[in-house]
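Asks: sequence plus the predicted model coming up.
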Amino acid sequence: MNIMIALIPAISWGLQPLFAKWLGGRLSNQILGVGMGAMIVGSGVYLSISPEKISFGSFMLSLLSGLFFLVGQLGQLRALKMIGVTQMMLISVASQLIISDLSQLIFNGFNGVSGLILVLVSILMIGAIFILAFRDLKSTRNKFLQALVIILFSSFSFNLYFSISNVINTGNFSFYFPQMVGVFISAIVYVLLTNPKSFVQKKSWYNVIIGLLISVSTIGYLFLDKLYDQKINYLISAVAVVITMMGGMIVFHEVEQRRLKYFLLSGGLFALGSILLSLY
């Protein structure tokens, strides 16, 4: 049963960038869609579980974590437009694993060497993509470097979101609705500052789908946090890499270079293998 629950954030997270590319639109359309989708899911959770009251401090932290969530999502969507879903997803998950496990190493220490091995392999994965980009993607090197910096920054922002969630999570999800309110408010402010016309454009409403998907994956992850530790949650969610990469290569035909295609596929299979090994 727990495995089936674990598939919810994995599938939602994996499908989200594929839908983002398929639906298209400006970045402001997608961010507004994320905000509206987050508000819908947050409201649904609030009405279905009747959460307990939280302190003013926890409420403000929840709003702040919603800002970090949107900043992370903004970076992911921007990088997606620059280098496509296939490379973006693999680098994103690998970098999140690195940041998460290094944080655990610094503050708590690892239980065994599996976490350290995961960090090293993740670094090698990003390094291999970096080398291949400079050898096989000569015309897009600068764009790749820009996307890499954006993904690393967005991954750090996502980790701040999950770290704050772990601090204020009392097990009843009372913090989730104000988090999604924070996402929604941040999205509104971003659209007002960048492209107010997005409020009346159809693409924004279409992109509510990606907001629903990322919000469902988030609530699924937070639920799993009650069953597994943080590292295991990241590993379980990493199966999304396989879904996104297969969609990027098969549906959108993003990767043309043969060496890069097989490397990305092997990286995705590594993520899946890591998940299976971590469950035993």
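Replies: Arrived safely, thanks for sending. Residues are numbered from 1 along each chain as shown.

Asks: pull out the buried residues from stretch 54-65.
Replies: 54, 58-59, 61-65 (16 or more other C-beta atoms under 10 Å). C-beta: built from backbone N, CA, C; applies to glycine.

Asks: shouldn't residue 65 be in contact with residue 179?
Replies: Yes - using C-beta atoms under 8 Å, residue 65 is in contact with residue 179, at 5.5 Å.

Asks: list the residues that contact both of these two?
Replies: Here residue 65 and residue 179 have residue 165 as joint contacts, going by C-beta atoms under 8 Å, 6 or more residues apart in numbering.

Asks: just put the buried residues of stretch 54-65 in a markdown table and tack on pLDDT and distance to residue 250.
Replies: Formatted as a markdown table, the buried residues of stretch 54-65 follow (pLDDT from 0 to 100; distance: C-beta to C-beta, whole Å):
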| residue | pLDDT | distance to residue 250 |
| --- | --- | --- |
| 54 | 80 | 44 |
| 58 | 86 | 44 |
| 59 | 88 | 44 |
| 61 | 92 | 41 |
| 62 | 91 | 39 |
| 63 | 93 | 40 |
| 64 | 93 | 39 |
| 65 | 93 | 35 |
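
Asks: ok, residue 197 - contacts?
Replies: Here residue 197 is in contact with no residue (C-beta under 8 Å, 6+ apart).

Asks: and residue 214, by the same measure?
Replies: Contacts of residue 214 (C-beta under 8 Å, 6+ apart): 12-13, 16, 34, 37-38, 73.

Asks: Three-state assignment for residue 172, please.
Replies: coil (DSSP: H, G, I helix; E, B strand; the rest coil).

Asks: what is the neighbour count of it?
Replies: 12 (other C-beta atoms under 10 Å).

Asks: wait, doesn't it sit right on residue 49?
Replies: Yes - using C-beta under 8 Å, residue 172 makes contact with residue 49 at a distance of 7.3 Å.

Asks: give the buried residues for stretch 197-213.
Replies: So, applying 16+ other C-beta under 10 Å, buried residues of stretch 197-213: 198, 201, 203-204, 206-213.

Asks: quick one on the thing from earlier: from the buried residues of stretch 54-65, which is closest to residue 89?
Replies: Residue 89 lies nearest to residue 65 out of these, by C-beta to C-beta, at 22.6 Å.

Asks: quick one: the closest residue to the closest one other than its chain neighbours from residue 83, how far?
Replies: Nearest non-adjacent residue to residue 65, counting by C-beta to C-beta, 6 or more residues apart in numbering: residue 164, 4.0 Å away. For residue 164, the distance to residue 83 equals 29 Å [C-beta to C-beta, to the nearest Å].
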